[in-house]
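# Need coordinates for the below:
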Amino acid sequence: MSLRVKLAVALVLLTTAATLAIGTWSYVGTADRLYAEIDRSLQEGATVVARPDPDVDHDSHGPALAAAGQEQVLGQTIAADGDIRSASNGVALPVEDIDREIAAGGDGAPAAVRRDVTIDGQPYRMLTTATSNGQGAVQTARSLSETLRVLESLRNFVIIAALVVIGGAAAAGWLIATQVTRRLVRLTRVAEEVADTGRLDIDVPVGGSDEAGRLGTAFNEMLSALGRSKDAQQRLVQDAGHELRTPLTSLRTNVSVLRRHGDLPPETKTRVLDDLDLETRELTTLVNELVELATDQRADETPEPLDLAALVERVAERARRRSGREIPVLVEPPSADSPVVVGGPLALERAVSNLLDNAAKFDTSGGPIDVSVAGGRVTVCDRGPGIDPADLPHVFDRFYRAVDARSRPGSGLGLSIVSDVARAHGGHAFATPRDGGGTCVGMEIPG
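Numbering: from 1, shown residues only. The predicted model follows:
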């Protein structure tokens, strides 16, 4: 059963239940009021009938009842032995055992009883009540024909009204369900088309500010995000394939040289093996960085408060031992309170390590690599050849390498990872020329 049918059926059921409840309440309430009115008139008639001398055995109740406004009530008195003493208009009301018991009195006899009876084929409501002296009883009755006709008319009206309302509810429910689910049906078709074709450039024709409209907008944004992610993955694969070809080609060339010329001079053989070792390490670094970019392992870290200056100092110490370079770390401004940031320690350490490796790679002077920490800003300055102004906007692009740097080792992913880490922490990466030559590259994240 579709959602449209479910909504229409639910509306019809709710309307039917409400209509039947109101109709039943109206019918029962009206019946109670009518019967209560009849019982009141019977009680008043019994008072009128009880006034004449009960020993008078003639029709003396009709005029008295008419004078009291109870002309529709029939009256009758019965003696203690159950014999009828007088009746209205010559109409005898039925006398049963319960009536005789009331007329005879006694400790266990009820004071009054009401019941529906049939007189000459017509329905009546009858009241039997004991007289005040306990010697006999008074019976009053009133026809139910008019009351039953009113109730039958009301019942028929309720049934017809319920059928009309249910029919209208069915039509309105179907229209409402169609209108409500129309955009959901479109969205479902688009989702099925995306699942069948794999296309992510399909526009969802859903608008509005309600839940369906917001769902359509969110679905559009999701498709756009998936499309961008797919494009980024394709570019990553294409760029990675391009970057991998160079070290692989060099490896194949060197292996081929070794295989064809086993009697190479020692100097040449050493140079070839050094090239193999360098290309292997470069290939390993590239593969590791590609895996990190593809799996985004940094996203698994739980953010925590970090002493940024202490973190930078730890990374700088490892870089000193590895490279033998002088790497001073300056905290600006000098204070007893170190800058604190919230982030992933492994991700931030990797970003700082990439900044130091990048500086060491391009600065061949052997001089110090200056590192400064100011709040959430980490800056690494080298004394290398610098970066051409035309290349500055692209240094954080994946696999981008300036023309002057293409002959140097590297994958072109180090600074891209720095930029990704900075953005993941709500910040950004930057690169500027250094006064006196060289480049300052760093990142800034909220403190």
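
# measure residue 82 to residue 76 for me?
Distance of residue 82 to residue 76, computed by C-beta to C-beta, to the nearest Å: 12 Å. Every C-beta, even on glycine, is put in place using the N, C-alpha and C of the backbone.

# Of the two, which one has the most company?
Remark: of residue 82 and residue 76, residue 76 carries more neighbours, 24 against 17, as counted by other C-beta atoms under 10 Å.

# what sits against residue 128?
Contact partners of residue 128, counting by C-beta atoms under 8 Å, 6 or more residues apart in numbering, are 98, 99, 102, 112, 113, 114, 137, 138, 139.

# residue ranges for the helices of the stretch 51-200 of the chain, please.
For the stretch 51-200 of the chain, applying DSSP state H, counting those that start in this stretch gives helices covering 61-67, 97-104, 145-197.

# coming back round to it: return the closest of the contacts of residue 128 with respect to residue 233.
Nearest to residue 233, judged by C-beta to C-beta, of those is residue 114 at 87.6 Å.

# Just list whatever residues bridge to the closest one.
residue 127 (DSSP bridges).

# That one - how many residues pack around it?
Other residues near residue 114 come to 15 when the count uses other C-beta under 10 Å.

# any idea of the pLDDT on it?
Note on residue 114: pLDDT of 91.

# In contact with it, which residues?
Residues near residue 114 by C-beta under 8 Å, 6+ apart: 39, 42, 125, 126, 127, 128.

# my read: the third one touches residue 140, true?
No. If you go by C-beta atoms under 8 Å, residue 125 and residue 140 don't touch, sitting 9.1 Å apart.

# who has more neighbours, those two?
Comparing residue 125 with residue 140 by other C-beta under 10 Å, the one with more neighbours is residue 140, at 30 against 21.

# I'd like to know how far that one sits from residue 327.
Taking C-beta to C-beta, one finds residue 140 at 117 Å from residue 327.

# ok, now residue 176?
Separation of residue 176 from residue 327 (C-beta to C-beta) stands at 71 Å.

# More neighbours: the two, which one.
Taking neighbours as other C-beta under 10 Å, residue 176 and residue 327 compare with residue 327 leading, 21 against 15.

# Can you tell me the SS state at that one?
Following DSSP: H, G, I helix; E, B strand; the rest coil, residue 327 is assigned to coil.

# Can you read off the pLDDT for it?
92.

# Tell me if residue 378 really is in a strand.
Yes. Residue 378: assigned to a strand according to three-state DSSP.

# is it true that it touches residue 447?
No. Counting by C-beta under 8 Å, residue 378 does not reach residue 447; the two are 11.6 Å apart.

# Mind checking which of these two has more residues around it?
Under the neighbour definition other C-beta under 10 Å, residue 378 and residue 447 were set side by side, and residue 378 has more, 30 against 13.

# Look up how far residue 152 lies from the more buried one.
Distance of residue 378 to residue 152, computed by C-beta to C-beta: 92 Å.

# Would you mind pulling up the elements that the strand or helix carrying residue 420 packs against?
Element membership of residue 420, judged by DSSP states H and E, is helix 414-424. In this structure, helix 414-424 makes packing contacts with helix 266-295, helix 345-362, strand 428-433, strand 439-444, judged by 3 or more C-beta pairs under 8 Å, 6 or more residues apart in numbering; DSSP states H and E.

# one more time with 7 Å
The contact analysis (3 or more C-beta pairs under 7 Å, 6 or more residues apart in numbering; DSSP states H and E) places helix 414-424 against helix 345-362, strand 428-433, strand 439-444.

# weakest of the ones you listed by average pLDDT?
For these, the weakest mean pLDDT is recorded on helix 345-362, namely a mean of 87.

# going on from it, what's the next piece of helix or strand?
Later in the chain than helix 345-362, the nearest helix or strand by DSSP H and E is strand 370-374.

# Report the angle between that following strand and helix 345-362.
Angle between the axes of strand 370-374 and helix 345-362 is 150 degrees (criterion: axes from the mean of the first three to the mean of the last three C-alpha atoms, to 10 degrees).

# Give me the distance between strand 370-374 and the centre of its chain.
Distance of strand 370-374 from the chain centroid (C-alpha atoms, centre = their mean, to the nearest Å) equals 47 Å.

# Which neighbours in the sheet does it have, and how are they oriented?
Take DSSP bridges as the rule and strand 370-374 pairs in its sheet with strand 329-332 (parallel), strand 377-381 (antiparallel).

# what does it contact?
Contacts to strand 370-374, defined as C-beta atoms under 7 Å, 6 or more residues apart in numbering, come from residues 308-309, 312, 316, 327-332, 339, 379-381.

# Apply 10 Å and report the result again.
Strand 370-374 is contacted from outside by 307-313, 315-316, 319, 326-333, 338-339, 352, 355-356, 359, 378-383, 434, 438, 440, 442, 444, 447, using C-beta atoms under 10 Å, 6 or more residues apart in numbering.

# circling back to that earlier point, now do the shared contacts for residue 378 and residue 447.
In terms of C-beta under 10 Å, 6+ apart, residue 378 and residue 447 are both contacted by the residues 308, 339, 341, 427.

# Now for those: which two are most distant?
For the shared contacts of residue 378 and residue 447, the farthest-apart pair by C-beta to C-beta is 339 and 427; their separation is 12.8 Å.

# Now the common contact residues for the two.
Common contact partners of residue 339 and residue 427 (C-beta under 10 Å, 6+ apart): 376, 377, 378, 447.

# Identify the residue nearest the first one in space, chain neighbours excluded?
Just to be clear, that refers to residue 376. Closest residue in space to residue 376, ignoring its immediate chain neighbours: residue 447 at 4.1 Å, by C-beta to C-beta, 6 or more residues apart in numbering.

# Tell me how far the one you found lies from residue 107.
Computed as C-beta to C-beta, the residue 447 to residue 107 distance reads 98 Å.

# Out of the strands paired with strand 370-374, which is closest to residue 92?
strand 377-381 (113.8 Å).

# what distance separates the closest one from the centre of its chain?
45 Å.

# What of stretch 252-270?
With C-alpha atoms, centre = their mean, you get 67 Å for stretch 252-270.

# for that stretch, which positions count as buried?
The neighbour-count check on stretch 252-270 (16 or more other C-beta atoms under 10 Å) flags 254, 257 as buried.

# Right, I'll call it a day here.
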